[in-house]
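> Pasted the sequence and its predicted model underneath.
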Amino acid sequence: MKIFLTTLIIITGILTCLNGLAQCSFTPTITPSQPILCPESTDTLMTQMYDSYQWYKGNNPIPGATNQFYIVDGNDVVEEFKVAATLDGCTEFSDAVLVDGYVFLLPYVIQSGDMGVFDPDTYTTILCTGDTLKLELGLPYSENIQWYDDGSEIQGANNQIYYVTESGSYYVCGAPEVCPDYLQCLGVTIDVQFVDPTPVITLNNDELIATEADSYQWYLNGDAISGATDPTYIPVISGSYTVMTVNQYGCEGISEPFEYFTTGVETSSNNMFYISGSTHEQISITFPQPFSGTLTLFDLSGRALMNKKTDNKIYVSLDVSAMPVGIFFIKMENSKGVSVAKCIKN
């Protein structure tokens, strides 16, 4: 009987000791359990409510970190944190959580569409008038997008894609979808210049001259003139001359028609009209039969000064009182053909 009581006392003592070494009745946890920080941001680690706290970074207690929460920032990325919580004199550790962080590439822009020619001296993309350059902000920057031209916001330009149709200095800002407040801007500007390839024809001593280009093709009344591929062309007959050019950037353009008239009076074989009188006030034109068509008055440079339509007329008078003194050409055109005559205002 003594042996039994002695054994019972020993067992009871052991259980009492084990009970003193048992874990607390609670286990603290940390939320969020998998924190991921956006660049330049913070997050708050939180545990349940207990009597007291001590936060740890790795296995080292953080001085002063004795609140229910602890704020982590970019300096804490790839570090583990845990908290020791005490309740009713019993202290228990939470599982550690790893603080991670997002890392993004710098913003970049993809260019497509009409690419033009890049000028390495000015770092400018040269495009032809009418071209369209497509700019696309690369992923992951898809939120809070704003495109800029010469430092000013482009109203309504808030998509990943922007179409450039005017000269300017462009850049863009945006943020990743997972970190919409992490706004980043393109580190360089995209400088774009549009050039108008339209040539201009001038007249110098009966020679037609086109503005400077890399290649030329002259036309008469819409038809290409064989072999006329120089910057200048000497016309031999009256007509409507144009020139098509390609400039150094590969831009193709065609000029406005230049009406050229040879000196002297030109009339067609059917004698469509003749000038019966010319003064400083008006020019009188008489047709051999009723005429329906268009009369156009040009100066020596081929510039149209007056245009008048007639319907079944024998006689037409043009008011030239506002015109300067000089030589003019009158072109008559209808379904039967074209005739040109020279007249002088004294």
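Received the coordinates, thanks.

> was I right about S215 contacting D230?
No: using C-beta atoms under 8 Å, S215 is not in contact with D230; the gap is 9.9 Å. Placement of C-beta: from N, CA and C, glycine included.

> and P107, how many neighbours?
20 (other C-beta atoms under 10 Å).

> Next up, the contacts around the residue nearest the centre of the chain.
Centre of the chain computed as the mean C-alpha position; nearest residue by C-alpha atoms, centre = their mean is V164, 2.7 Å away. Going by C-beta atoms under 8 Å, 6 or more residues apart in numbering, V164 touches 127, 132-135, 170, 190, 192.

> who wins for neighbours among those?
Ranked by neighbours (other C-beta under 10 Å), those are led by L127, which has 24 neighbours.

> What separation is there between that residue and T294?
Computed as C-beta to C-beta, to the nearest Å, the L127 to T294 distance reads 38 Å.

> One more: S25?
Distance from S25 to T294, by C-beta to C-beta: 106 Å.

> just G130 next, same as before
Counting by C-beta to C-beta, the gap from G130 to T294 is 30 Å.

> who does the closest residue to S25 other than its chain neighbours bridge with?
Leaving aside its sequence neighbours, S25 sits nearest to C90 (C-beta to C-beta, 6 or more residues apart in numbering; 7.3 Å). In this entry, C90 is beta-bridged to L87, by DSSP bridges.

> before we move on, back to that, report the beta-bridge partners for the residue nearest to the centre of the chain.
Beta-bridge partners of V164, as defined by DSSP bridges: L133.

> how does the protein divide into domains?
25-101, 109-194, 201-260, 274-345 (automatic domain parsing).

> which stretches of the stretch 151-300 of the chain have low pLDDT?
Residues of the stretch 151-300 of the chain that meet the criterion pLDDT under 70 lie in 236, 262-280, 300.

> Apply 90 and report the result again.
Residue ranges of the stretch 151-300 of the chain with pLDDT under 90: 203-207, 225-227, 234-240, 259-300.

> how about the helices in it?
Assigned by DSSP state H, counting those that start in this stretch, the helices in the stretch 151-300 of the chain number zero.

> next one: phi and psi at D76?
D76 adopts backbone torsions of phi -100, psi 0, taken as degrees, to the nearest 10.

> got a pLDDT number for the spatially closest residue to it that is not a sequence neighbour?
Distance criterion C-beta to C-beta, 6+ apart; nearest residue to D76, sequence neighbours excluded, is V99 at 4.9 Å. We have a pLDDT of 96 for V99.

> List the beta-bridge partners for the spatially closest residue to N67 that is not a sequence neighbour.
Leaving aside its chain neighbours, N67 sits nearest to Y53 (6.3 Å; criterion: C-beta to C-beta, 6+ apart). With DSSP bridges as the criterion, Y53 is bridged to A85.

> Go ahead and report the secondary structure state at N75.
helix (DSSP: H, G, I helix; E, B strand; the rest coil).

> can you count the residues close to it?
By other C-beta under 10 Å, neighbour count at N75 equals 7.

> Quick check: it vs K82, distance?
From N75 to K82 the distance is 18 Å (C-beta to C-beta).

> cool, and G253?
With C-beta to C-beta as the criterion, G253 and K82 are 73 Å apart.

> same check, this time on Y171
Distance from Y171 to K82, by C-beta to C-beta: 45 Å.

> same check, this time on G222
Taking C-beta to C-beta, one finds G222 at 86 Å from K82.

> Any idea how many residues pack against the residue lying closest to T91 once chain neighbours are set aside?
With sequence-adjacent residues excluded and distances taken as C-beta to C-beta, 6+ apart, T91 is closest to A84, at 5.6 Å. When neighbours are counted by other C-beta under 10 Å, A84 registers 18.

> just checking, A84 touches Y53?
Yes: A84 lies in contact with Y53 (C-beta under 8 Å); the separation is 7.1 Å.

> show me the residues around the closest residue to E212 other than its chain neighbours that make contact.
Spatial nearest neighbour of E212, excluding adjacent residues (C-beta to C-beta, 6+ apart): P231 at 7.2 Å. By C-beta under 8 Å, 6+ apart, the contact set of P231 is 209-210, 212-213, 216.

> Put the buried members of the residues you listed into a PyMOL selection.
Buried members of the contacts of P231, defined by 16 or more other C-beta atoms under 10 Å, are picked up in PyMOL with:
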select buried, resi 209+210+213+216
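
> closest to A157 among the contacts of P231?
Nearest to A157 among the contacts of P231, counting by C-beta to C-beta, is A213 at 34.0 Å.

> wouldn't the closest one be in contact with P199 here?
Yes: counting by C-beta under 8 Å, A213 does reach P199; the two are 6.2 Å apart.

> Pull up the overlap in contacts between the two.
Common contact partners of A213 and P199 (C-beta under 8 Å, 6+ apart): T245.
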